Structure formats: structure tokens, C-alpha cells
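Colleague: Need a 3D model of the following:
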Amino acid sequence: MRDSGAETSRARRVLEIAVCALVIGCASTGDRAGETGTSAGDPAPDGFGGWVTYPEGEWGQAWAVSGRGVTGVVPRGVAKPDCTGVEDESLLYVGDLLANPGSFVSTLDGALDQAAYHPLAASDFRLTGERAGGVIGLLQTTAGRRARFVLTWDVRPRLHDLVVYDAETGDVALRFEIPMPLAPHALVNLDPGEPGGFDLLFGPAPDGRLLLAAGENAALSFPLDSLCAE
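Modeller: Just a heads-up that it's a prediction; the model follows:
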């Protein structure tokens, strides 16, 4: 009997390569090879596990956020990708699109709460499966690595298909195929061995709102519109 989950994962990876080939400013060949491998970068077989901590009694000290969006240098003349045949637009966010999404689409930067999530999710991004109806998140870590994920948020936020790219080579450094729900007071650090700071925080801001936010030396952006909107 075939493992339907494995078949779906392999199919998604093949689709990602096909989409990547259509995107101007696509990531390097090494990146694409990492995407299709059976494993890539630092192992994460059980999901986020050790990449998230929940400090007890120290949340006020932990709440240091940047308020910044993801930015970078994009060569002149680079255009939005062709969405023909694209079913999962999160896969378009590689290369220049991942480095500086604000050059291609309007973004909400720095943090997101559930009240802002719902109208954003109505933007009808081309997302499939359990991620349908979610939004796309783009992250720059404290070590300068780029990452993307799909966010769904009902009772609590869940990060799906998070991929982290190496800052130097553009190769895949981390891939998490198991969705992760975040409970309040979560600190996410995606830079192994990086001593200071966290990349994502989820919990109560000083005004009491539950926010998903970029850490003090990180950056976070959410596209406000679908790249494939007609």
C-alpha cells in the first residue's frame, strides 16, 4: 500500500521545482536540489520541537520586537512571476521575491494579530490542502537567513511548510514539514548556535493583544495581496 502522505510530499516538491523554473530571480541550482532531496540542512524529523521555547516568568523581558519588514536588494527590471498553472503561490517566494517582497506586492510588516489575520486571509491566496485560506509569511532571521511559511490561525496560529534558506549559499538549511501550533509565550529560534535573540515571538504584547511578531533583530512580512490576483 502506498504512503499517501509521502506521495503528496514528493508531488509538492516536484511542483515546487516546476514553479521555481518559471520565476524570474529563482533561487540557485543548489537551492532547488536541496528542495527536492529526501532531507536538507539541519534535521527536524519531529517538527519544530527543540526550535521553540516557552520561558516561564520572563515574558516581559523576552518581548523585544523589531517592527521591521523583510527588505533586500532587487535588480532593476525584475517582474512578478507568471502564475499560469500555479496552484500553490507560496512556492513562488524564492530568490528576489523572498529577499524583498515589498518590491512586488504590498506587505504588512513586523507583526500580525488575529484581528488583522482574518481580512488578510480573505485575499484568496493560491494555497492548497489544510493551508487553504491561510496567509503567507516571510521572515529574515537574526543571522540574516531568509524563510517562508504558510500561517493559519483559528484557535491558535499554526506554521505550515516552513523553509529556511542559508544566507550565504541560498541552499535549504531547514525544512519543517510538520505543522506547528504555537501557544502563548512561544519563542522561535531558527538559527542554531546563534546565541542572542529570537526570530519569532508569539504571545501577549504590552497592550494585551496576542501577536506573532519578529524578534528584535529579525524581520517579518505578510503579503497583503495574492501575486496571482487577476
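
Colleague: centre of the chain versus the helix or strand in which residue 203 is found, how much separation?
Modeller: Using DSSP states H and E, residue 203 sits within strand 200-204. The chain centroid and the centroid of strand 200-204 are separated by 15 Å under C-alpha atoms, centre = their mean, to the nearest Å.

Colleague: repeat for stretch 187-201
Modeller: On C-alpha atoms, centre = their mean, the centre of stretch 187-201 falls 15 Å from the chain's centre.

Colleague: avg pLDDT for that stretch?
Modeller: Mean pLDDT, computed over stretch 187-201, is 84.

Colleague: Next, the buried residues of that stretch.
Modeller: 187, 188, 189, 190, 191, 197, 198, 199, 200, 201 (16 or more other C-beta atoms under 10 Å). No exception for glycine: its C-beta is placed from N, CA and C like everyone else's.

Colleague: Tell me the one among the residues you listed nearest to residue 108.
Modeller: Residue 108 lies nearest to residue 200 out of the buried residues of stretch 187-201, by C-beta to C-beta, at 14.9 Å.

Colleague: And the helices in the protein?
Modeller: 4-22, 29-36, 59-62, 95-99, 114-121 (DSSP state H).

Colleague: So which residues make contact with the shortest one?
Modeller: Right, the one you point to is helix 59-62. 55, 185, 187, 198, 201, 203, 204 (C-beta atoms under 8 Å, 6 or more residues apart in numbering).

Colleague: For this structure, which segments count as strands?
Modeller: Secondary structure of the chain by DSSP state E: the strands cover 52-53, 107-109, 111-113, 135-140, 146-153, 157-165, 172-176, 180-181, 186-188, 200-204, 210-214, 219-223.

Colleague: export those strands to TSV and tack on distance to residue 84?
Modeller: Listed next are the strands of the chain as TSV, based on distance: least, C-beta to C-beta, whole Å:
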stretch	distance to residue 84
strand 52-53	38
strand 107-109	24
strand 111-113	30
strand 135-140	19
strand 146-153	21
strand 157-165	22
strand 172-176	25
strand 180-181	32
strand 186-188	35
strand 200-204	33
strand 210-214	32
strand 219-223	19
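
Colleague: Who does residue 200 form a beta bridge with?
Modeller: Taking DSSP bridges, one finds residue 188, residue 214 as the beta-bridge partners of residue 200.

Colleague: From residue 86, how far off is it?
Modeller: Using C-beta to C-beta, to the nearest Å, one gets 27 Å for the distance from residue 200 to residue 86.

Colleague: Please list all residues in contact with residue 164.
Modeller: Applying C-beta under 8 Å, 6+ apart, the residues near residue 164 are 41, 141, 145, 146, 147, 172, 173, 174, 175, 190.

Colleague: So what sits opposite it in the bridge?
Modeller: Beta-bridge partners of residue 164, as defined by DSSP bridges: residue 147, residue 174.

Colleague: Give me the pLDDT value at it.
Modeller: We have a pLDDT of 94 for residue 164.

Colleague: Need the pLDDT of residue 2.
Modeller: 39.

Colleague: number of nearby residues for the closest residue to residue 72 other than its chain neighbours?
Modeller: Sequence neighbours aside, residue 99 is the residue nearest to residue 72 in space, at 3.5 Å (criterion: C-beta to C-beta, 6 or more residues apart in numbering). Residue 99 is flanked by 21 other residues according to other C-beta atoms under 10 Å.

Colleague: Roughly how far does residue 99 sit from residue 128?
Modeller: 25 Å.

Colleague: All set now, cheers.
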